[in-house]
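Chemist: Give me a model of this one.
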Amino acid sequence: MFSIPGKQAVSVTPKAAAKIAALMQKDGHQGLRIGVKKGGCAGMEYTMDYVTEVDPLDEVVEIDGARVMIAPMAQMFLFGTEIDYETSLLESGFKFRNPNVVDACGCGESIKFDETLFAKP
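Modeler: Okay, here's the model as predicted:
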């Protein structure tokens, strides 16, 4: 696992925690798993899935009744990310403030990561 002792992989704002907790309670899910996959015009996309069973390899972040699991393959890409939930006149949804992203497409749905994250030691 990619982690620093004593530091959570991601942070969750109070608005995001409230939304995740409400989603968990509504449908009886164990939490929300966040990951990344290849796709989109910038190269990568975030994924979000309901979790009915916690994977022992997931990094688990719990705050204010919300549980976020980070898929093992995504941990190095998401380390240091703040997850927020924003509502505006046109849209509402989760927003990721990720220090590892170096570029994003115009619509904000796909991202490009710093190439050094892919480098082998």
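Chemist: what residue ranges in this protein are flagged as low confidence?
Modeler: For the chain, the stretches flagged by pLDDT under 70 are 1-7, 42, 106-109, 114-121.
Chemist: and if we set it to 90?
Modeler: The chain contains residues with pLDDT under 90 at 1-9, 23-30, 36-47, 51-55, 65, 71-80, 88-93, 95-121.
Chemist: Could you pull up the residues touching the residue nearest the centre of it?
Modeler: For the chain, the residue lying nearest the average C-alpha position, counting by CA atoms, centre = their mean, turns out to be Ile34 (4.2 Å). Under the criterion of CB atoms under 8 Å, 6 or more residues apart in numbering, the contact partners of Ile34 comprise 10, 46-48, 68-71, 74, 78, 83. Heads up, the C-betas are built off the backbone N, CA and C, glycines and all.
Chemist: try Arg33
Modeler: In this structure, Arg33 makes contact with 47-51, 55, 58, 68-71, judged by CB under 8 Å, 6+ apart.
Chemist: looking at it, Arg97 is touching Glu86, isn't it?
Modeler: No. Counting by CB atoms under 8 Å, Glu86 is not a contact partner of Arg97; they are 10.8 Å apart.
Chemist: gap between stretch 94-110 and the chain center?
Modeler: The chain centre lies 11 Å from the centre of stretch 94-110; the measure is CA atoms, centre = their mean, to the nearest Å.
Chemist: Oops, could you answer that again for stretch 90-110 instead?
Modeler: When C-alpha coordinates are averaged (CA atoms, centre = their mean), stretch 90-110 and its chain have centres 11 Å apart.
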